[in-house]
Structure formats: structure tokens, C-alpha cells
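1. the sequence and its predicted three-dimensional model are supplied below.
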Amino acid sequence: MDIELVEIPKWNCCGAVSSLTADDVMHHVAPIRNLIRVIEMNEEGLVNDEKRLIVFCSMCFNVLRRSNKRVKEDPKFLETINSFMDEERDYDGSVKVMHFLEILRDIGFYKVKERVKKPLKGLKVSAYYGCTLLRPRGVGIDDPEAPSIMEKFIESLGAEVVDNPYKSLCCGSYHTVGGNKELVAERAYKIINAARERGADLIITSCPLCAFNLDNRQELTKKIHPDFEHMPVLYFTQLMALAMGMESETGFDGNYIDPRPLLRERGFLEG
Amino acid sequence: MTETIIIKDRNIDLLRLASEISGEVITLCEQCGICTTSCPMAEDMDITPASIMRYTQLGDEFVLETRAIWYCASCFSCTVRCPRGIDLAKVAEALRQIKLRKNQDYLKIDELKEEAEELPAIALVSAMRKYTG
Amino acid sequence: MSEEKMITVYIMGKAYQVPFGLTIMKAMEYAGYRFIRGSGCRAGFCGACATVYRKKGEYKFRTALACQTTAEDGMYLAQLPFVPANRKEYNINELDPEKNVLSEYYPEINRCVSCNTCTKACPQELDVMYYIQAAIRGDYRQVSELSFDCIQCGLCTARCPAEITHYHVAQLARRIYGKYQLKVPEHLEKRLKEIEEGKFDEEIERLKNMSIDELKSAYVQRDIEKIPRGEVSDE
């Protein structure tokens, strides 16, 4: 697709959730440090005049874009961060944080379609957006109330879109840690059942934490609701790899609910 | 439906502090309740998001002891819908921070044990940012 | 002695005149402090003498090993005799390297805010923050390689706002890497076999029967085994 992705050398964890208080500076250091790396990559010739940072994970995307937005809007805030990171070059706000789906939209989903080797004809796929890809307004990549970017993505792979009224209902996020896992399992129940009622074969998402919560927490969901039926939950790039004929890159070994039996049955996987 | 709020520990400093930390004008809230109807966690909370706002407006420290401020998952559903333009996620974060900055963690991370090796880093990192100070 | 150039240092806030050119440790001893703990090899290897100081007119809170850093005029000094840090108990034979064991025993690594204070504090100039980032990802190899020269002085831990005990995390990672992922070097296996077969028994017996003086001279005249380059490999 004429895109070459270059990984940031020595990236650090952005923190996964955005610091939401007015007075906290510390938790913006991690995301801004990554943005400094992007500028260094330009200086060191790893990329040529390319300030777009492409992010796959919805949460990282949200954190990076929010911190970037904050320092661009508040030069004093940026100055504080720059003076704290006295071992780094200064950040200037020039990096553009983008989600991979935005890049695909910019290039045109018709181009994605051109690259599809095995159209997923007849496969019914429900998009799950979650929170951080869409909200808040001004940060998200699509209309927070009526998003369509993932549906366009699904269509470009030749699959059939199944709508889900809960496609942007929070899965419970980090409540999956500690004593409140049931909150997550219950939301997985709601989201997955809604997709099934509308005929979906599987769900895709662009957030690794949503993927964990909707996929791995099905074990707990099944415990609470014995009537619950499992459904595969794929990371959106897994579906893309499948449609583009890159079976060895699909990484289905990592899925809790194995999608392979379903995909074999429908003829999208050999064997 | 009406709800009676009995103010136990009125503390105007709480409103001021929550406003300062969140950067939001909490007094703008007119209790329409759209936040509550938008909230995916409201059904499991002990008080509703709208009540969080009301208790905070009144400076009632009871709000700091509720489950609701921790059950908020920062999903921003309320934020995108509030007709008064209040970012409630920031208000909830401020209330959590008031506790966390006093060294009162919500999650005892030493008790996670084996669970921690099964969880992806994204879950652990986000939980620790939200639950520990 | 009187012609020696003297400098003023402030040890725990009190001014002392000490000769120019001493290490921080020796300056403190000159001033009358006696180290019973918090001092070891005096050669920069053992990590016992973590120290914190400020230089005259500087805002920077500096960290170093007291035995390796020269005292300067106007320095504010304090020795850090010990860094309280939990070292978790584990049985290395029962760990599952396929999982993130580091997160299990030291879940606080996930609280890292990437402030880089640990890296700035490290007297060994290790990239401490980056190995904690690798630890979050469960990358034992990277943690091991980046932390290999750690002397466990604890300064990273003392400075960390996320209350991480970096050096214990790194030690656990190196143990896992060493036990489960690193190939046992051939020459080590060979030597262990030789020991088991009793190749050195006679020589040990001879050493045991030597007098102190004989031992000393044997030590001075010993042959140091040369390992040809390229023979030691971690792959």
C-alpha cells in the first residue's frame, strides 16, 4: 500500500490512560518523550521529513494525541515538560499523532480493497469501537455518536457489516484488574450478545484492552451466565492479514476464543 | 423520581479543590441527568454520575467515599453528551486524585499476585494509573 | 599537613574542613564519621556506599558512590546507608518464563511514568528506565543485558516516584534469563564436568596444606586463564 512503517527506537509505555487533571504534569512526560523520539528519527535520518506517528492501539493513540494537543494549546505547559526533561531535546509540538485506521481512510479504503486477495465474502463482522478511538470529541477519529470508519474497513475486506448498538459502550477497561472483573464480564455479555442477535460471526476491535476484555473475559462471562455462547474477538489487523492472504501473520494462537474453526468452516482458512 | 440529599460534612473546600484539580466549572451542572443515562457503569454504581456532581457542588465529602468515583472508567460517554459542556470524566478523576494524593490507594497491588502475570501490560498500567497514587 | 589545600563540605548540614582531593567517603571519615555499614569494597564494585549530594550553587540533586566521587568545596553531603526495598521470595525452579513473572512479583513496575529519574540517578550509567520499560513488556533478555552492570546500590529505587525497586526486578529478570533462556556456555559445562570428575582435587588438597605465606606468593604468581575471544557467546 506504499506505506513503510518504521518503529520508534527506544519507545516507552505512554501510560495507557490519559491524565485528566488540570495540574498534573508528570503523567504527560511519558507520551511526550515518545514524540521527541519521532523528531529525533527525522534528525537521524531514520525517516525523511515525516512527523506522522502511526498508532495501532486505541488507548495509546488517545493518550499520545491528548498530550500532544495539550502541549500545543498550552505553551507554558510544554515549557514545564521540556524543562523537566532536561536530558532530552525540547519538544516543539510538531508531531502528528494518527491512528492506523485514519491513515487507511486518508489513503482510501478502495486501496485496501485492491490489496485484498481473499475477500471475506459472507463473513458477518461486527465492529466494536470502545471508547478511546472515538471520545472525547476533538480527539477521536470519528463521530462519537455514529461512527462508521470501522464499518468501511470491514467492507473493504469484503466482509459483511453487522451493526451493534453497543459498539461504543465501554467494556469496563481497567476494571479487569482487581476485584471488579464481573463489571467487565457483564459488559462483554451485553456487547457480544447484541452482536450475535444481529447475526455476527465475530467482533473486531482496535483496542488491545477491549480485545482482552471481550475475548479472555468470556471465561468469566460463561461462569456467570451458563447460557452464554462464545464468539471470537479479533484485533482488526488480524482480519486484515487474513483477507490479504497473510495467514502466517494472523497470530490466532494468541486469541482466547480460537477463531480458526469458524474460519475453516467458512473456507477462509485452509485445513 | 426525586432524591433527597442529606448533607453530612459540608466542606466548600471540596468544591474548590475538585474544581481546581479538574479545571471544570462544576457549578454549571443543572442536574439534567444525561450523564447518568449515558453512563455504562451507572447501573453498578452506588450513586449516579449526576449525584456525584451534586454532592461535589454541595461540598459533601461523602462523595469521596462512594464506589461510583472508582467505577467511572473514564469512557467519556458523559463528556461527549453533557449539554453544559462539563467534562465529568475530569471531575471524577479529580475526586479520585483527592484520595490518591493522600496516599489512599483504591487497589492494593501487592494482593494481585498470580493475576498480575496473566494480565496484559495495558491492563496493569492503566489500572495502576487510575487506582494508585 | 598545614600546607594542604582545605575545602569546606557540609555533612548533614554541618560544615567541616577537609583536605582537597579526598573521595566523599574519605572526606566524611576525615571529618570523624565512621562507617560500620554503608561501606564495602571502596573500589566502586560493591554498591554499598550510595550517596546523595548537591554541588555549590546547583539545583541538581546528585547521586553517586561515595568511594568513587571526589569531594568538592561547598558540597552538601549525606550518606545513604541503606535503601529499604522489598525483595520478593520465589523459587526460581517454579517460575514460568512464558508469563510476565516480573509483573507478578513486582507489579509496581507498571506504575512507571517514564520520568527517567532512575537513569539519571544511576552511578553505573545504566539505562534504568528503559530496562523497566522492557520489564513491563516481559522482555527478560533486554532487562538482563541493560542491567548487567548493576551493582545494586539502590539509588534508582530511592529516587523513583513510582516506588519501583528496579534492581530487584532486574535481578529476577537476569535469573530467569540465565536459567530459562540463555544457553549454558560450553566451556562452563566442560569445566563443571572436569570438577565433578575430580580433575582439581589434588590441586585443592595441595592449596589446603600451604602456609599463609606460601599461599600469598602462589596468589601473586598465579596464571590467569585466558579465554580466547569469540568463545564466550550468549547464543
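-> Noted; the coordinates are in hand.
2. phi and psi next, for the closest residue to residue C:153 other than its chain neighbours.
-> In this structure, residue C:153 finds its nearest non-sequential neighbour in residue C:47, 3.8 Å apart by Cβ to Cβ, 6 or more residues apart in numbering or on different chains. (Glycine included, C-beta is placed from N, CA and C.) Note on residue C:47: its backbone torsions stand at phi 80, psi 10 [degrees, to the nearest 10].
3. quick one: residue C:47 and residue C:105, what's the gap?
-> As judged by Cβ to Cβ, to the nearest Å, residue C:47 and residue C:105 stand 21 Å apart.
4. which one's more surrounded, those two?
-> The residue with more neighbours, out of residue C:47 and residue C:105, is residue C:105; 21 against 18, by other Cβ atoms under 10 Å in any protein chain shown.
5. show me the contacts for the residue nearest to that one when sequence neighbours are not counted.
-> Spatial nearest neighbour of residue C:105, chain neighbours left out: residue C:88 (4.3 Å); criterion: Cβ to Cβ, 6+ apart. Each residue near residue C:88 by Cβ atoms under 8 Å, 6 or more residues apart in numbering or on different chains is listed here: C:105, C:106, C:168, C:172.
6. and for the residue of chain C found nearest chain A, the neighbour number?
-> Going by Cβ to the nearest Cβ, chain A is nearest to residue C:114 of chain C, at 3.7 Å. When neighbours are counted by other Cβ under 10 Å, residue C:114 registers 24.
7. can you check residue A:241 too?
-> Neighbour count of residue A:241, defined by other Cβ under 10 Å: 18.
8. same question, residue C:31
-> Using other Cβ under 10 Å, residue C:31 is surrounded by 17 other residues.
9. dihedrals phi and psi, it?
-> The phi/psi pair for residue C:31 (degrees, to the nearest 10) reads phi -80, psi -10.
10. so where do the strands sit in chain A?
-> Ranges of strands in chain A, per DSSP state E, are A:52-55, A:96-99, A:124-128, A:160-162, A:202-205, A:233-235.
11. tell me which of those approaches residue B:44 most closely.
-> Distance to residue B:44, taken as Cβ to Cβ, is lowest for strand A:124-128 among those, at 20.3 Å.
12. still on that earlier bit, let me see the contact set for the residue of chain C closest to chain A.
-> If you count contacts by Cβ under 8 Å, 6+ apart, residue C:114 has them with A:12, A:13, A:15, A:29, A:30, A:33, C:129, C:133.
13. which of those residues come close to chain B?
-> For chain B, the contacts drawn from the contacts of residue C:114 by Cβ under 8 Å from any Cβ of the partner chain are A:13, A:15.
14. just the contacts of residue C:114: which are in helices?
-> Counting by DSSP state H, these place A:29, A:30, A:33, C:129, C:133 in helices.
15. in JSON lines, list those residues along with neighbour count, pLDDT and distance to residue A:245.
-> Below are these laid out as JSON lines (neighbours: other Cβ atoms under 10 Å in any protein chain shown; pLDDT from 0 to 100; distance: Cβ to Cβ, whole Å):
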{"residue": "A:29", "neighbour count": "21", "pLDDT": "98", "distance to residue A:245": "42"}
{"residue": "A:30", "neighbour count": "27", "pLDDT": "98", "distance to residue A:245": "37"}
{"residue": "A:33", "neighbour count": "23", "pLDDT": "98", "distance to residue A:245": "38"}
{"residue": "C:129", "neighbour count": "27", "pLDDT": "98", "distance to residue A:245": "40"}
{"residue": "C:133", "neighbour count": "23", "pLDDT": "98", "distance to residue A:245": "35"}
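16. and residue A:245, how many residues sit next to it?
-> Residues lying near residue A:245 (other Cβ under 10 Å) number 12.
17. run a quick neighbour tally on the nearest residue to it once chain neighbours are set aside.
-> Excluding the flanking residues, the one nearest residue A:245 by Cβ to Cβ, 6+ apart is residue A:117, at 3.6 Å. Residue A:117 has 9 neighbouring residues, counting by other Cβ under 10 Å.
18. good, we can wrap up now.
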